[in-house]
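Peer 1: Just need the structure, nothing else, for what follows:
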Amino acid sequence: MPEVDKPGQQGLCVAAFDFDGTLTHGDTLLPFLATALGWPRFAWALLHSSPWLVGHALRLVRNDIAKARLFKAALQGVPTAEVQRWAEHWASQQLPGQLRGDQDPTMARLAWHRAAGHCCVMVSASPDIYLERAAEVLGFDGLICTQMEVELNGQLTGRMKTPNCYGEQKVIRLQAWLTERYDAAALASMTLYAYGDTAGDKPMLRMAHKAWYRGKPVAD
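Peer 2: Take a look at the predicted model:
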């Protein structure tokens, strides 16, 4: 059962949720790209970024470098209007099957936070090109993620506009988001909840007052 806040508890409550593997059954980026691009284009993108992807799998190449190579191969020159169509199709056809069920403990926590009126923010390393729709569908109040760069002609450059939102970047971005949204008095009374499932989420979990890892509360 979701934890119930103590009677009379005052102050701001913010719940920060990772997405892939925390609210879903696994990674969503590669399935999204495979469906969006179609298998011939997707296979071409994987082939051209394979040295970096294999290097990352062997822990020889950083996550952000491998992801940057994949993004460039897969997304460079794609019009944003096409990306929006991809995202709409993904949200209606793929996302429901990728989400964990209502009985999953983390999904139950999200429902509890929303019902309690807490501010819910998704914090993910996946890109904004489809996470904006996911955040809308799930009723999040905010989205912090890896943002993709767009040219003036409305095409993706294939480059990341922001650093890959992973590990310590989740803490940096979440702190900035909170500071922009709330004043010092609200932040001083804030209770921050955080939810994640991988090592890349642990800096954000350590930042929180109350944290859950893979559906289980982390001891203080």
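Peer 1: List the contacts of the nearest residue to residue 41 once chain neighbours are set aside.
Peer 2: Closest residue in space to residue 41, ignoring its immediate chain neighbours: residue 74 at 7.6 Å, by C-beta to C-beta, 6 or more residues apart in numbering. C-beta here means a position set from N, CA and C on the backbone, and glycine is covered the same way. Residues near residue 74 by C-beta atoms under 8 Å, 6 or more residues apart in numbering: 33, 37, 41, 42, 45, 49, 158.
Peer 1: Next, please give the residue ranges for the strands of the protein.
Peer 2: Listed in chain order, the strands of the chain (DSSP state E) span 13-17, 119-127, 142-146, 148-150, 156-160, 191-196, 210-213, 216-217.
Peer 1: on that earlier part again, so how do I select the buried members of the contacts of residue 74 in PyMOL?
Peer 2: Here is the PyMOL command that selects the buried residues among the contacts of residue 74 (16 or more other C-beta atoms under 10 Å):
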select buried, resi 33+37+42+45+49+158
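Peer 1: Where helices are concerned, which of the contacts of residue 74 count?
Peer 2: Using DSSP state H, 33, 37, 41, 42, 45, 49 are the members of those that sit in helices.
Peer 1: wouldn't the second one be in contact with residue 45 here?
Peer 2: This means residue 37. Yes - using C-beta atoms under 8 Å, residue 37 is in contact with residue 45, at 6.6 Å.
Peer 1: where does the chain dip in pLDDT?
Peer 2: 1-10, 220 (pLDDT under 70).
Peer 1: The same query, at a cut-off of 90, please.
Peer 2: In the predicted model of the chain, residues 1-11, 219-220 satisfy pLDDT under 90.
Peer 1: Could you pull out the helices in it for me?
Peer 2: 29-37, 39-57, 63-75, 80-93, 95-98, 105-116, 128-137, 168-181, 184-188, 202-207.
Peer 1: what is the orientation angle of the first one with helix 80-93?
Peer 2: Computed with axes from the mean of the first three to the mean of the last three C-alpha atoms, to 10 degrees, the direction of helix 29-37 lies at 120 degrees from that of helix 80-93.
Peer 1: What residues sit buried inside helix 29-37?
Peer 2: With burial defined by 16+ other C-beta under 10 Å, the residues of helix 29-37 counted as buried are 29, 31, 32, 33, 34, 36, 37.
Peer 1: out of those residues, which one sits closest to residue 59?
Peer 2: Taking C-beta to C-beta as the measure, residue 59 lies nearest residue 29 of the buried residues of helix 29-37, at 19.0 Å.
Peer 1: hmm, back to that, what would the strands of the chain look like in a markdown table with distance to residue 83?
Peer 2: Formatted as a markdown table, those follow (distance: least, C-beta to C-beta, whole Å):
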| stretch | distance to residue 83 |
| --- | --- |
| strand 13-17 | 23 |
| strand 119-127 | 10 |
| strand 142-146 | 14 |
| strand 148-150 | 8 |
| strand 156-160 | 7 |
| strand 191-196 | 27 |
| strand 210-213 | 32 |
| strand 216-217 | 36 |
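Peer 1: That'll do, ta.
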